[in-house]
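**Q** here is a sequence with its predicted model. Questions after.
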Amino acid sequence: MSSDIQVRRGEKIDIEEARADISQGKLALLLSRPPADEVEGQYVYSGWTQCPGCAQVGWSVGLESTRANTILCGACGCSFRV
């Protein structure tokens, strides 16, 4: 990866914390790459994120920059926060 790309590294959370966030609709997804049709400003925040479970680096969509975000990894299913 080039040096100008910033990757946000996540930290694991337990399944109960993840379920609580999911039930409140506080969720982002980690995709393997950005969607081809993503429009700038479509999401609150989008960017590269690394899963602490499997080290997958992917494109996160639906993040907010003002608080911690719960993310579900599309590769291993791990729940984590950035």
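**A** Received it, and whenever you're ready, just let me know what you need. Residues are numbered from 1 along each chain as shown.
**Q** residue 48 belongs to a strand?
**A** Yes - under DSSP: H, G, I helix; E, B strand; the rest coil, residue 48 falls within a strand.
**Q** residue contacts, the residue lying closest to it once chain neighbours are set aside?
**A** Spatial nearest neighbour of residue 48, excluding adjacent residues (CB to CB, 6 or more residues apart in numbering): residue 7 at 4.5 Å. Backbone N, C-alpha and C define where each C-beta goes, glycine included. By CB atoms under 8 Å, 6 or more residues apart in numbering, the contact list for residue 7 reads 1, 48, 49, 50, 57.
**Q** which parts of this structure are strands?
**A** 7-9, 11-12, 28-31, 46-50, 57-61, 70-73, 79-81 (DSSP state E).
**Q** report the rounded mean pLDDT for the last one.
**A** Summarised as a single mean, pLDDT over strand 79-81 is 88.
**Q** check the fifth one too.
**A** This predicted structure assigns strand 57-61 an average pLDDT of 83.
**Q** buried sites along it?
**A** Applying a neighbour-count criterion of 16 or more other CB atoms under 10 Å, one finds 57, 58, 59, 60, 61 buried in strand 57-61.
**Q** so it versus strand 46-50, what angle?
**A** 140 degrees (axes from the mean of the first three to the mean of the last three CA atoms, to 10 degrees).
**Q** for strand 57-61, which strands pair with it and how are they oriented?
**A** strand 28-31 (antiparallel), strand 46-50 (antiparallel) (DSSP bridges).
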